[in-house]
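> Any chance you could fold what I've pasted below:
(2 chains)
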2 protein chains.
Amino acid sequence: MRVIYSDKHHLHDPPLEYWEGEMLPFYESPRRAEMILRAVRAAELGPIDAPSDFGLDPILAVHDADYVHFLQHVYPAWVAGGRNPKGVHPDTFAMRGMVRRPRDLALQAGYYSHDVTTVITAGTWQAAYDAAQSALTAAHWVAKGEPAAFAVCRPPGHHAHSDLSAGYCFLNNAAIAAHWLTEHAVAGRANTVALLDIDFHHGNGSQQIFYTRRDVFYVSLHADPERHYPYFLGGAEERGSGEGYGYNLNVPLPAGVTDDAYLAALDQACIAIERYDPVWVVVSLGVDTFVGDPIGDFALTRRAYPRIGARIAQLNRPTVFIMEGGYAIDCLGENVACVLTGFLARTI
Amino acid sequence: MRVIYSDKHHLHDPPLEYWEGEMLPFYESPRRAEMILRAVRAAELGPIDAPSDFGLDPILAVHDADYVHFLQHVYPAWVAGGRNPKGVHPDTFAMRGMVRRPRDLALQAGYYSHDVTTVITAGTWQAAYDAAQSALTAAHWVAKGEPAAFAVCRPPGHHAHSDLSAGYCFLNNAAIAAHWLTEHAVAGRANTVALLDIDFHHGNGSQQIFYTRRDVFYVSLHADPERHYPYFLGGAEERGSGEGYGYNLNVPLPAGVTDDAYLAALDQACIAIERYDPVWVVVSLGVDTFVGDPIGDFALTRRAYPRIGARIAQLNRPTVFIMEGGYAIDCLGENVACVLTGFLARTI
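Numbering: from 1, shown residues only, chains lettered A, B, ... in the order given. Just a heads-up that it's a prediction; the model follows:
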């Protein structure tokens, strides 16, 4: 399995985040990707390469151009206004009825963000850009005939909407890869992607980006938004709209989900994907489903992860794994490697 | 001039607020109302009374019932979830396309808030309720024939939408008073209110509440939202909609506005009000226009404030003053008293 990793993720390293009225160490830290790299190297999954550069076009195919411009240029505008050089910190948000967008990029922070976690530092754009290129590089390998590839994307992506940063995410790496795959036609059949999201959190951004499309089937297992982020999207009743109706499947799960219960839910999701019969599978791979995760409330043990990988392998499609969340830092790398080795072993 | 003051504002006293990535002392502190009370007492404006209780109905005439329920009951739900007992701190917001409202009141924090300043403590509802009752009591006095009354409202109100807390505000005291006045008909003519907002910031909530109405003319002088909060509303191009078109007048002002320039802009606003010919005037009184204010960037001196009061007096209508912002704590009380003594003196 090809592994894509860019060292530039280190350029995105906000020191603190705001959480329920306190400043805490930034959960989504560079150490996450380091731990994952170490574990996939130890697992000898395959060659580990830096991403190729596919340019901005595949990003702009998924994201709003003004939003991308904001991500690229806001940091200097923020600092030029005499603001905290530690990073752009959104604190005031364009809520319902507020359609006016200020011209000053620094004041657009709350127009283009969903929450306070999307701190933009001097190097955030470069890190996010390379994460997107990593996802594209992985998709490229699979389009060229590799059975699977894994992009160690950081910052993660699945919360990012077409025009909103959200939940540590800026560019939606999985959506960028999935859309890119739909444009690489396979002779004789509709060029479709199942985007399977097994992060603990609902991928609100991925849902939003593909909500009206039927060529990308978004399927997500996640904590019920009645209990966890992103709160305002992720219900089972959200099934897509227009042409996309029926091509968005949310499976909200209760607290304390065990290995067997999770695997049963994943099996149902995979059956839905098999019915959809996609050409490609993109997996938004989060392991914040782990019992020891400091953010999540599921109860998955280490033993669940090879089983998850094996069930995905049984879909028997070219598969692109895109790294999303997971914050139990000491177990993070090995949990990720377990999914991928389980996938390669193909047995549950 | 009748003055209304409730000591219950002390019940709303969050220790810190999030500002550009740091925790700072909460600007909108109880000392603000104490300083104002001291100054208006020293100025001998008139009798100072506690508010009467008009109940919830006049609040619900302006605010969404579910939003009011949230304000009343969210704090215990937040604490019951094991969250920071210092207060409800919104950090994740229901942006465009996010229509789902979680059932858990604690998770509704970002559904019903515009920004991170609207921290809800154990006593916030009681403080906000009494501020609204203070505004109503002041309106009541004026409706009964007093030429003017002043409600020392804290927390302030003009940023609060019908269903959003915003900018330190929970209940829109001025809007509640203005709407109440429209329902106390004066024989023989349309029962109209000019809501004149001279706080440094645009009163986005007041604008939203009356945007489609012509019986309340919202007129605001404020820092250009291209430069200052609330950013996403407050442009001169926002003129009302439907029946309310033409009955919303925003006058965004540049940084460094001097006494004379401000008075000239106020004069134009008052001419528009005179043309509208309202029965009542409600003034959203902020003095964060002061040169020494730590939040604002205007350059008004102490000498501007009696002139502002006198120009408002020349409108020659029964007038309800509602306290809004002002954060130069040592000068706050006297600046407020200067507006009111200038009003009583009626000379510029």
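> nearest spatial neighbour of residue A:228, skipping sequence neighbours?
Nearest residue to residue A:228 in three dimensions, chain neighbours excluded: residue A:201, at 6.4 Å (C-beta to C-beta, 6 or more residues apart in numbering or on different chains). Quick note: C-beta positions are derived from backbone N, CA and C, even for glycine.
> what about the one you found, helix or strand, and which?
Residue A:201 is located outside every helix and strand, with elements delineated by DSSP states H and E.
> Find the closest residue to chain B in the stretch 201-348 of chain A.
Among the residues of the stretch 201-348 of chain A, residue A:232 lies closest to chain B, at 3.5 Å counting by C-beta to the nearest C-beta.
> quick one: the longest strand belonging to chain A near chain B?
Longest strand of chain A, by residue count under DSSP state E: strand A:216-223. No: using C-beta under 8 Å from any C-beta of the partner chain, strand A:216-223 never reaches chain B; the gap is at least 11.9 Å.
> Now the helix or strand following that strand: buried residues?
Counting by DSSP H and E, the next helix or strand C-terminal to strand A:216-223 is strand A:248-253. For strand A:248-253, the neighbour count (16 or more other C-beta atoms under 10 Å in any protein chain shown) marks A:248-253 as buried.
> Including distance to residue B:290 and pLDDT, could those go into TSV?
Supplementary listing: these in TSV, determined by distance: C-beta to C-beta, whole Å; pLDDT from 0 to 100:
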residue	distance to residue B:290	pLDDT
A:248	53	98
A:249	57	98
A:250	51	98
A:251	56	98
A:252	51	98
A:253	54	98
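> Turn these into JSON lines, including distance to chain B.
Output for the buried residues of strand A:248-253, formatted as JSON lines (distance: C-beta to the nearest C-beta, whole Å):
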{"residue": "A:248", "distance to chain B": "13"}
{"residue": "A:249", "distance to chain B": "16"}
{"residue": "A:250", "distance to chain B": "11"}
{"residue": "A:251", "distance to chain B": "16"}
{"residue": "A:252", "distance to chain B": "11"}
{"residue": "A:253", "distance to chain B": "16"}
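> farthest-separated two in these?
Across these, the longest distance by C-beta to C-beta is 16.6 Å; it joins A:248 and A:253.
> residue ranges of the helices in the stretch 1-150 of chain A, please?
Here the stretch 1-150 of chain A has its helices, by DSSP state H, counting those that start in this stretch, at A:30-42, A:57-60, A:65-80, A:124-143.
> Tell me which of those helices sits most buried.
With neighbours taken as mean count of other C-beta atoms under 10 Å in any protein chain shown, the helices of the stretch 1-150 of chain A reach their highest mean count in helix A:124-143, at a mean of 26.
> Counting by contacts, list what that one packs against.
strand A:2-4, helix A:57-60, helix A:65-80, strand A:148-151, helix A:173-182, strand A:319-323 (3 or more C-beta pairs under 8 Å, 6 or more residues apart in numbering or on different chains; DSSP states H and E).
> For chain B, find the nearest of those.
With C-beta to the nearest C-beta as the yardstick, what comes closest out of the helices and strands packed on helix A:124-143 is helix A:65-80 (8.7 Å).
> what residue ranges in chain A score low on pLDDT?
A:187, A:347-348 (pLDDT under 70).
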